[in-house]
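Peer 1: Model the structure of this input:
(2 chains)
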Amino acid sequence: MSAVTPDWRVERATATSRLAAVVAIVALIALAAAPAWAGRADMRLLSEIFTYLALACLWNLLAGFAGLVSVGQQAYVGFGGYMLFAFAILLGVNPLLTIPIAGILGALIAVPVAVLIFRLSGAYFAIGTWVMAEVFRLVFAQVSALGGGSGTSLPVAVVKDIAEGRDMREWIVYWAAFLLVVVVLGGTYWLLSTRRGLALAAIRDSEVASESLGVRIWRTKLMIYVVSAGATAMVGALIFLQKLRISPDAAFNVNDWTAYVIFITVIGGIGTIEGPIVGVIVFFLLRETLADLGSIYLMILGLVAIVVMLKAPRGLWGFVQDRFGIELFPVRRRIRYPLD
Amino acid sequence: MAAPIIRLSKVCKRYGAIVVADAIDIEVAGGEALGIIGPNGAGKTSLFNLVAGTVKADSGTIAYRNRDITSLNAAARCRLGVSRSFQIPHPFSGMTVFENVVVGAAFGGDMSEREAYAKAVEVLELTGLKAKANAMADSLTLLERKRLEMARALATGPELLLLDEIAGGLSEHECRELVAAITGLRKTGISIVWIEHVVHALLAIVDRLLVIDFGRIVAEGDPKTVMASREVSEIYLGIEADA
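Peer 2: Numbers count the residues shown, from 1 in each chain, chains lettered A, B, ... in the order given. Here you go, the predicted structure:
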């Protein structure tokens, strides 16, 4: 018996995406080698960009694809940060090892949280996530072993567990941030390329239609929420490994870990893989050039957000995609018949 | 009459004071085509929402192949073989037409992605959307969107297909094509429930006709007899036949 060869094929890659892949590989090699060409301040800035990019990708998965508009992701950033301090200080675990531990525990704690807040929808869900983040903050503020309300610093002996020399420590933290953002971006791309990614894109576009076509909405959303929480906790652990100090107010700060992340994603293009990359570039360009202006800088951020929302409601990348049909991360399936 | 594929027993649904389903009893036999007519707001689409699981009934039971599915959600019902189209199309606008149909095959049909591709190709041919396969769904005309609704529903491999006003706005020629396509579908043994205002298209297909008004079944039976009935005259023309 011979298999019948279909007279069609399904393609994903385009000429643009192939070119983008080459550029991405070159950029990744250059960024991996940053300790060889960048100064300490540049590497810290790059690390910060990586962590914000990872947070934006994860929030984009939640809000842009699964329709879970959370304003409480700082719960997991703070949780991850506190897991770093708890395991490193109280249990003597190497700080780098606490990052995956924070991820696993963040994912686990997200399950009961999800069961609770998934009972809410829309704006109520958003408020519920914020309330949960406040609960997290209040709980960790009670833990006196971790400094209670005023927080604590990572002891020098613990910091030296990363590496003896300061330069090597800086490099290792940089590479950890780099690795994490590559895993988050690559993981997002992989997820969206799979059958489950198809379900996510369907949920993004119409929840009622996707459920009527057999997509298991609740299960898909739970999976995304839990994965996103775990990865956000890992990013949180890394953020506070860079800062070396934690307090409840800093760890569970809604502005730093959610408001800016929403700005990045919405400005860049929510519901697209490329959006958070564009958004993080815009955000850091604005911050690095205008931050000295103080409150005027924040007004400019607001102005940029308003202009983009009015002129490009799908964000900057959405605008480019609508105009030129460009896709850097090819997840779209195109069918080709022999005569094409 | 063959064994029912779907049976609604005393199904009720109300939104505040508005009753959209008032103790509805319906049976659809395997392979049967049932037409539903009724004025706007009569409760036709609400009935589909109840059968497809988009909304939950306040009371009553819905059985599919003798299995009680009243508590199942829409996704589970679709996987069992109940599929629907929407009166107002809900395309996945950020996806291509092909991907829209693949979603139906992959999840409703519980297929691997590769199998879903093959099913989508087959359904696109059947529904005349092959030429639009790579177009973005939000670029389709209203008529094409309606075809896409049917294509996605068919891709799930349904045994019971619920069609909600898919002939509305079609030209005479397109309507004939649609009737031919549905006639072809019926030969596969699929059961169809079709809500439609384009009555001549409906009458060309259905075995039985049901009239709904204010959430109640007011007439049911042979399509021609029902169309000539007093109840239909009253509802559509406002005339009392006996007067």
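
Peer 1: Now do the same for residue 89: its pLDDT.
Peer 2: This is for chain A. Note on A:I89: pLDDT of 95.

Peer 1: wait, chain B
Peer 2: 92.

Peer 1: domains of chain B?
Peer 2: Annotated domains of chain B cover B:1-81+B:160-243, B:92-157 [automatic domain parsing].

Peer 1: do chain A as well
Peer 2: Following automatic domain parsing, one finds the domains of chain A at A:31-252, A:255-328.

Peer 1: Quick check: which of these is nearest to B:L47?
Peer 2: B:L47 lies closest, by C-beta to C-beta, to one member of these: domain A:31-252, at 14.7 Å. (C-beta placed from N, C-alpha, C; glycine too.)

Peer 1: mind checking the SS state of B:L170?
Peer 2: Classification of B:L170 by DSSP: H, G, I helix; E, B strand; the rest coil places it in coil.

Peer 1: Output the domains of chain B as JSON lines; include the columns distance to A:T16 and mean neighbour count.
Peer 2: Output for these, formatted as JSON lines (distance: least, C-beta to C-beta, whole Å; neighbours: other C-beta atoms under 10 Å in any protein chain shown):
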{"stretch": "domain B:1-81+B:160-243", "distance to A:T16": "35", "mean neighbour count": "18"}
{"stretch": "domain B:92-157", "distance to A:T16": "16", "mean neighbour count": "22"}
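
Peer 1: With respect to A:T232, which of those domains lies nearest?
Peer 2: For A:T232, the closest of the domains of chain B is domain B:92-157, at 24.5 Å, according to C-beta to C-beta.

Peer 1: can you give me the mean pLDDT across the closest one?
Peer 2: 94.

Peer 1: Could you work out the end-to-end span of it for me?
Peer 2: By C-alpha to C-alpha, to the nearest Å, the extent of domain B:92-157 from end to end equals 19 Å.

Peer 1: is that domain anywhere near chain A?
Peer 2: Yes: interface with chain A: domain B:92-157 contributes B:92-96, B:98-99, B:102-104, B:106-110, B:112-113, B:116-118, B:120-121, B:133-134, B:152-153, B:156 (C-beta under 8 Å from any C-beta of the partner chain).

Peer 1: Up against chain A, what does chain B have?
Peer 2: B:52, B:54, B:73-75, B:78-79, B:83-84, B:86, B:90-96, B:98-99, B:102-104, B:106-110, B:112-113, B:116-118, B:120-121, B:133-134, B:152-153, B:156.

Peer 1: redo that, cut-off 7 Å
Peer 2: B:52, B:54, B:73-75, B:78-79, B:84, B:86, B:90, B:92-96, B:98-99, B:102-104, B:106-108, B:113, B:117-118, B:121, B:133-134, B:152, B:156 (C-beta under 7 Å from any C-beta of the partner chain).

Peer 1: State the phi and psi torsions of the nearest residue to A:P338 once chain neighbours are set aside.
Peer 2: In space, and not counting its chain neighbours, A:P338 is closest to A:D7: 5.6 Å by C-beta to C-beta, 6 or more residues apart in numbering or on different chains. When read as degrees, to the nearest 10, the backbone of A:D7 gives phi -90, psi 30.

Peer 1: neighbours around A:D7, how many?
Peer 2: For A:D7, the count of nearby residues is 10 (other C-beta atoms under 10 Å in any protein chain shown).

Peer 1: Can you read off the pLDDT for it?
Peer 2: As predicted, A:D7 sits at a pLDDT of 83.

Peer 1: Now that it has come up, it's in contact with A:R336, right?
Peer 2: No: contact criterion C-beta atoms under 7 Å: A:D7 and A:R336 do not qualify, at 10.0 Å.

Peer 1: what's the residue closest to the geometric middle of chain A?
Peer 2: With distances taken as C-alpha atoms, centre = their mean, A:L55 lies nearest the centre of chain A, 2.4 Å away.

Peer 1: distance of A:I326 from chain B?
Peer 2: As judged by C-beta to the nearest C-beta, to the nearest Å, A:I326 and chain B stand 14 Å apart.

Peer 1: ok so, going back, reformat the domains of chain B as JSON lines; add distance to A:A237.
Peer 2: JSON lines is the format used below for these (distance: least, C-beta to C-beta, whole Å):
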{"stretch": "domain B:1-81+B:160-243", "distance to A:A237": "36"}
{"stretch": "domain B:92-157", "distance to A:A237": "33"}
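
Peer 1: any bit of stretch A:218-227 sitting next to chain B?
Peer 2: No: using C-beta under 7 Å from any C-beta, stretch A:218-227 stays clear of chain B, coming no nearer than 8.2 Å.

Peer 1: Could you pull out the buried residues of that stretch?
Peer 2: Neighbour-count burial for stretch A:218-227, counted by 16 or more other C-beta atoms under 10 Å in any protein chain shown, picks out A:220-227.

Peer 1: Quick one: residues in contact with that stretch.
Peer 2: Applying C-beta atoms under 7 Å, 6 or more residues apart in numbering or on different chains, the contact partners of stretch A:218-227 are A:61-62, A:66, A:68, A:107, A:110-111, A:114, A:196, A:199-200, A:203.

Peer 1: Next: stretch A:232-247.
Peer 2: Against stretch A:232-247 from outside (C-beta under 7 Å, 6+ apart): A:47, A:51, A:54-55, A:58, A:73, A:76-85, A:95, A:98-100, A:102-103, A:105-106, A:147, A:150-154, A:159, A:173, A:176-177, A:180, A:251.

Peer 1: so how far is that stretch from its chain's centroid?
Peer 2: Remark: stretch A:232-247 is offset 14 Å from the chain centroid, using C-alpha atoms, centre = their mean, to the nearest Å.

Peer 1: Chain B: strands as residue ranges?
Peer 2: For chain B, applying DSSP state E gives strands covering B:4-15, B:18-29, B:33-37, B:59-64, B:67-68, B:82-84, B:160-164, B:191-195, B:208-213, B:216-221.

Peer 1: Let me have the ones you listed in CSV, extended by distance to A:L91.
Peer 2: CSV is the format used below for the strands of chain B (distance: least, C-beta to C-beta, whole Å):
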stretch, distance to A:L91
strand B:4-15, 56
strand B:18-29, 60
strand B:33-37, 66
strand B:59-64, 54
strand B:67-68, 52
strand B:82-84, 53
strand B:160-164, 58
strand B:191-195, 62
strand B:208-213, 67
strand B:216-221, 68
